[in-house]
Structure formats: structure tokens, C-alpha cells
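Asks: based on what follows, work out the 3D shape:
(one chain, ligands or ions: 1)
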Amino acid sequence: MSARIIDGKGFAAGLRQRVAGYAADLKARTGTVPGLAVILVGDDPASAVYVRNKEKALESAGLHSFDHRLPHDTAQADLLRLIDSCNRDPAVHGILVQLPLPKHIDTPTVLAAIAPEKDADGFHVTNAGLLATGRPGVVPCTPLGCLMLLRDVLGRNLAGKRALVIGRSTIVGRPMAQLLLGADCTVTMAHSRTRDLDIECSHADILIAAVGRPEMVRGDWIKRGATVIDVGMNRIPPDCGSAGGGRLVGDVHYAEAAEVAGAITPVPGGVGPMTIACLLVNTLAAACRQAGQPVPEEALP
Ligand code: GUN
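Replies: Residues are numbered from 1 along each chain as shown. Here you go, the predicted model:
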């Protein structure tokens, strides 16, 4: 069997175009242009690339991006003051603080300072709590993108599917499990202390891998016909022998898994592009709510 390849890149491009259309409508009706404040502290090169890609995507969809670059030694109090001014700025509908932050800054304090309705990442404890209690709030971008891909493959109704989420991060694993539970899946969470992970995988109709360990999930762990969503993005160094040279690989051994799965996301070109597209979705939805306008259906989980 050869799995269907889930074209996250293509799906994300279509979604970004639809967001651009909704944003143009919102502007025509209310004069509101959705705006996202993007805050980057320090000079981590990977974060700088992510932030640049986010800003480019915002602008090409006709959304405003307010760019704030702060030096590595920025005091936490200064960062909190900037967030406070963004919270009070009516042109800013969403705020994103790129993570990780420098060590001297307390990330939970910073995330808690963002007004929950402007929390474009859905990382505020209020939004995490809303998701955990099945109420509407802002959903983190990567899990939201994964859910959209799953529904594109399997249809809207995921009720009764056995879903395994590997990884318990607050950015991906935990909110992903909550979303799948909200979609009436039977959800198992696995993590670094899980025993017999191969057996857990073999039961899963839906497998979400978000652990950050290159090619950890092997083909013979996977249930035949399962839908596999690989959130991993691991750079294999060029001198790493048989694993190849300077490649980007997921948490799933793609070649093996593609022989068994019903559908699978590639790396790159699977989940990655959905994260940025869903950031546009969250910014648009925040702007709609703040302008007292209905949120487009597809921006809701
Ligand atoms: N760093 C890695 N992924 C993310 C993300 O989705 N949002 C933010 N703010 N920082 C990140």
C-alpha cells in the first residue's frame, strides 16, 4: 500500500487565499484591517526566519504586521510594557511573542500579560482553559492546522476514531489532544515515559507525532490505513552517517510509514505551512470579534 500524501503546503496556500478574501470583506464592511504585533526578543537565527516568514504571509494576505525587534538583554519589565501598549492599541488585534525567550525572562509571566482575546498563539492560560473545558477561545496554530488536515482527509466527523498524540508540549501535544477529544475521538497521550509505544501506535487510526525525535516512529508500529500527521521538523546534520546529509526529517520514518499508512504528511510541506496559515486565521478571527463581526466558519475548530 502506498499512502496518500497530505499536501499541507497546497492546503495552506488555499487557506491563506481565503483569509485574504475574508480580510478584504471585513475591511470593506467595517474599515478594519486585521493587525498582528510580532515581538522577537534576541537574535536566534531560527526564530528570525520564522518571524520573517510570518510577517511575509501576513502582508501577502493583506493583514497588517507590526514588527517589534528587541535586543537579547531586554528587561522583562520593558517587554511587559510593550505588550501592555499592544493590548491597548485598537489597530492591534493579535499579539505574538516568538518563543523561546531569553533565559532571564519568565515565559509564563509574559504570555499571561497578553490580553486573552489578542493571544494569536492561543498560549494564554485562559485560552488553554477554554480549550480544555470545551468552550470557544483561541486555539494554538499548529494543532488547529493538524485538525484541518485531518478533516480534509477523513471528513468532518472524526467521532470514535482512536487517536494517539505523541508529545505533551503546551504548544502542540496537549492542545492537540484537547481538540481531538472535542471532536469525539478516543484519545491517548504518549510521552517520553510511555511504555510500549509501538503497541500504542498499532491501535491508532489517527497518529500525531510531535516529539522532536528524528524518524522515531517506525513503519511497523503503524496500523494499516492510519492517518499520520508528522509535526516533527528535525535537521539531520550532514555528517550523521546513514541518516543522510543536512536533511529535514519528521518524527516519523516517512519511507517506511508511507508503505503502511492510509495518508501521511510529508516533512517539509506537511504541517509546517499550516502553522503560519492558522496564525493568519487566528488574527482574522480576533479582528472579526473585536470589530463585532461574525467569525468565518472555517476559522473555528
Ligand atoms: N516558537 C516555536 N513555535 C512557535 C509558535 O507557534 N509560536 C510562537 N510564538 N513561538 C514559537
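Asks: CA atoms only: put the longest helix along the chain into PDB for me.
Replies: Counting by DSSP state H, the longest helix found in the chain is helix 8-30. Extracted in PDB, the C-alpha atoms of helix 8-30 (Å, rounded to 0.1, in the frame of the first residue of the first chain):
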ATOM      1  CA  GLY A   8      -0.200  20.700   3.700                       C
ATOM      2  CA  LYS A   9       1.600  23.300   1.500                       C
ATOM      3  CA  GLY A  10      -1.200  23.300  -1.000                       C
ATOM      4  CA  PHE A  11      -4.000  23.300   1.600                       C
ATOM      5  CA  ALA A  12      -2.200  26.200   3.500                       C
ATOM      6  CA  ALA A  13      -1.900  28.200   0.300                       C
ATOM      7  CA  GLY A  14      -5.700  27.900  -0.400                       C
ATOM      8  CA  LEU A  15      -6.400  28.800   3.300                       C
ATOM      9  CA  ARG A  16      -4.200  31.900   3.100                       C
ATOM     10  CA  GLN A  17      -6.100  33.000   0.000                       C
ATOM     11  CA  ARG A  18      -9.400  32.500   1.700                       C
ATOM     12  CA  VAL A  19      -8.200  34.500   4.700                       C
ATOM     13  CA  ALA A  20      -7.200  37.300   2.300                       C
ATOM     14  CA  GLY A  21     -10.700  37.200   0.900                       C
ATOM     15  CA  TYR A  22     -12.400  37.400   4.400                       C
ATOM     16  CA  ALA A  23     -10.000  40.200   5.400                       C
ATOM     17  CA  ALA A  24     -10.900  42.200   2.300                       C
ATOM     18  CA  ASP A  25     -14.600  41.700   3.100                       C
ATOM     19  CA  LEU A  26     -14.000  42.800   6.700                       C
ATOM     20  CA  LYS A  27     -12.200  45.900   5.500                       C
ATOM     21  CA  ALA A  28     -15.000  46.800   3.000                       C
ATOM     22  CA  ARG A  29     -17.700  46.400   5.700                       C
ATOM     23  CA  THR A  30     -16.000  48.000   8.700                       C
END
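Asks: mind checking the pLDDT average for it?
Replies: In this model, helix 8-30 has an average pLDDT of 98.
Asks: which helices and strands does that helix pack with?
Replies: helix 45-60, helix 141-154, helix 272-290 (3 or more C-beta pairs under 8 Å, 6 or more residues apart in numbering; DSSP states H and E). Just so you know, the C-beta spots here come from the backbone N, C-alpha and C atoms, and that holds for glycine as well.
Asks: the inter-axis angle of the first one versus helix 141-154?
Replies: Angle, helix 45-60 to helix 141-154, by axes from the mean of the first three to the mean of the last three C-alpha atoms, to 10 degrees: 60 degrees.
Asks: any idea how far whichever helix or strand comes after helix 45-60 is from the middle of the chain?
Replies: For helix 45-60, the succeeding helix or strand toward the C-terminus, using DSSP states H and E, is strand 64-70. In terms of C-alpha atoms, centre = their mean, to the nearest Å, the centre of strand 64-70 is set 20 Å apart from its chain centre.
Asks: how about strand 64-70: buried residues?
Replies: Residues of strand 64-70 classed as buried: 64-66, 68 (neighbour count, 16 or more other C-beta atoms under 10 Å).
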